[in-house]
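Engineer: My questions concern the predicted model and sequence given below.
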Amino acid sequence: MEVMSAKEAADKWGISQRRVAVLCSENRIKNVQMLGNMWLIPINAEKPVDARSARYNNKTDEKNVKPFLKWAGGKGQLLKEIESYYPFDNGVITKYAEPFVGGGAVLFDILSKYNLSEIYISDINTELINTYVIIREHIKELLEFLNKYQNEYVPLETGNRKSYYISKREKFNDLKINGSEVENIEKAALMIFLNKTCFNGLYRVNKKGLFNVPMGAYKNPLICDEKNLRTVSEKLQNVRIICGDYRKSAEFIDKHTFVYFDPPYRPLTETASFTAYTENLFNDEAQIQLAEFVKCMHKKGAKIVVSNSDPKNTNTDDDFFDNIYSAHTIKRVEATRMINCNGKSRGKIKELLISNF
């Protein structure tokens, strides 16, 4: 019987070699054999029907959705790499969990492409999670606030914009510290307004927990992206949204779950320790605890991907992640440092994608 390799099959069928290997391991290809560590595939084998296609929305009424916030460490540029790990093609993995949701680039990519049975997201950033909840439950009232801000802010000259921005930042911080639940819609609107108008779209707080990012220099910021926000609201209707530590996801995660962990990255240098997306820092001890949690979720049978910085960018002898994730597969991928106060420091670096499959 004439055979071809996994790479040859990948080229023939227009899919990745990794996907071919998965199909072989799941017996989706007839008469496939393994010789040593190589898959031998009959030359006349047909490409298996991708079960994922059945989970896609109809192309004619498909609603793609994108993150509603710019977020430090956002994964928009790595989506193609991360997408290659999606394990939703065999009908076994029907749930998704993202316990450090942040801006949700991976979440919204999955929501745009798949109809999963259950989805869980969480974050310890109270204001971020409040914004997700308000978009899901009070989209009409939220849009009223955002339209008002856009109509008031955009026509202003720079000096008046700065005064307006500072007043909204002060209001946000007041609600953050002293606000009640009835003001959560306004707080979410202010969160989006500040994200769209502040410097580089950063979320940073000082030691008192107050948002302290200065105004950005955007000429015509889109403060109220109504079409996308309405679609986000629709997509979030069946998503479980939790404010809390990633460990809370343990009760949700099982052998039917794909989990993506995107924790605050380990700083590459001592002067690059921007981890203050919240009032809590994520040090090396916390990274080790997360690795132990990943090990526990692996034992449950979940499919897992973890992303982080690659310390070898600055120290080739730094094996921190290679050691704590030694039982898993570590892939180094190229990314661009998008948020840096020094424009000259924004360049190509390596990041890590760690998987248990």
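Structural biologist: Perfect, thanks for sending it.
Engineer: Return the residues in contact with Pro99.
Structural biologist: Contacts here follow C-beta atoms under 8 Å, 6 or more residues apart in numbering; on that basis Pro99 touches 120-123, 246, 248-249, 259, 261. The C-beta positions use only the backbone N, C-alpha and C, and glycine is treated the same way.
Engineer: Let me fix that, I meant to ask about Tyr165.
Structural biologist: Applying C-beta under 8 Å, 6+ apart, one finds that Tyr165 lies in contact with 153, 194, 197-198, 215.
Engineer: Remind me which helix or strand it belongs to.
Structural biologist: With elements taken from DSSP states H and E, the one containing Tyr165 is helix 158-178.
Engineer: which stretches of the stretch 151-300 of the chain form helices?
Structural biologist: Listed in chain order, the helices of the stretch 151-300 of the chain (DSSP state H, counting those that start in this stretch) span 158-178, 184-197, 226-235, 284-299.
Engineer: mind listing what the nearest residue to Met297 once chain neighbours are set aside touches?
Structural biologist: Sequence neighbours aside, Ile253 is the residue nearest to Met297 in space, at 5.2 Å (criterion: C-beta to C-beta, 6 or more residues apart in numbering). With contact taken as C-beta under 8 Å, 6+ apart, Ile253 is in contact with 97, 120, 259, 297, 300, 302.
Engineer: ditto for Phe100
Structural biologist: The neighbours of Phe100, taking C-beta under 8 Å, 6+ apart as the test, are 122-123, 246, 261-264.
Engineer: Tell me the secondary structure at it.
Structural biologist: For Phe100, the reduced secondary structure class is coil; criterion used: DSSP: H, G, I helix; E, B strand; the rest coil.
Engineer: Can I get stretch 233-243 in PDB, CA atoms only?
Structural biologist: Extracted as PDB, the C-alpha positions of stretch 233-243 are listed here (Å, rounded to 0.1, in the frame of the first residue of the first chain):
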ATOM      1  CA  SER A 233     -24.100  41.300  24.300                       C
ATOM      2  CA  GLU A 234     -25.800  38.600  22.200                       C
ATOM      3  CA  LYS A 235     -22.800  36.300  22.400                       C
ATOM      4  CA  LEU A 236     -22.400  36.700  26.200                       C
ATOM      5  CA  GLN A 237     -26.000  35.600  27.000                       C
ATOM      6  CA  ASN A 238     -25.000  32.000  27.800                       C
ATOM      7  CA  VAL A 239     -21.600  32.700  29.200                       C
ATOM      8  CA  ARG A 240     -20.900  32.200  32.900                       C
ATOM      9  CA  ILE A 241     -19.100  35.400  34.100                       C
ATOM     10  CA  ILE A 242     -17.300  35.200  37.400                       C
ATOM     11  CA  CYS A 243     -15.300  37.800  39.300                       C
END
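Engineer: related to what we said a few turns ago, would you mind listing the buried residues in the helix holding Tyr165?
Structural biologist: Along helix 158-178, the positions that meet the burial threshold by neighbour count (16 or more other C-beta atoms under 10 Å) are 161, 164-165, 168-169, 171-173, 175-176.
Engineer: now stretch 120-132
Structural biologist: The neighbour-count criterion (16+ other C-beta under 10 Å) identifies 120-125, 127-132 as the buried residues of stretch 120-132.
Engineer: Over to stretch 139-158?
Structural biologist: Of all the residues in stretch 139-158, those buried under the rule 16+ other C-beta under 10 Å are 139, 142-143, 145-146, 149-150, 153.
Engineer: Which member of the residues you listed is positioned nearest Lys350?
Structural biologist: Using C-beta to C-beta, Leu146 is the member of the buried residues of stretch 139-158 that sits closest to Lys350, with 37.6 Å.
Engineer: That closest one: what's it in contact with?
Structural biologist: Shown here is Leu146, whose contacts under the criterion C-beta under 8 Å, 6+ apart are 189, 192-193, 223-224, 226, 229.
Engineer: let's see it at 6 Å
Structural biologist: Leu146 sits next to 189, 223-224 when contact means C-beta atoms under 6 Å, 6 or more residues apart in numbering.
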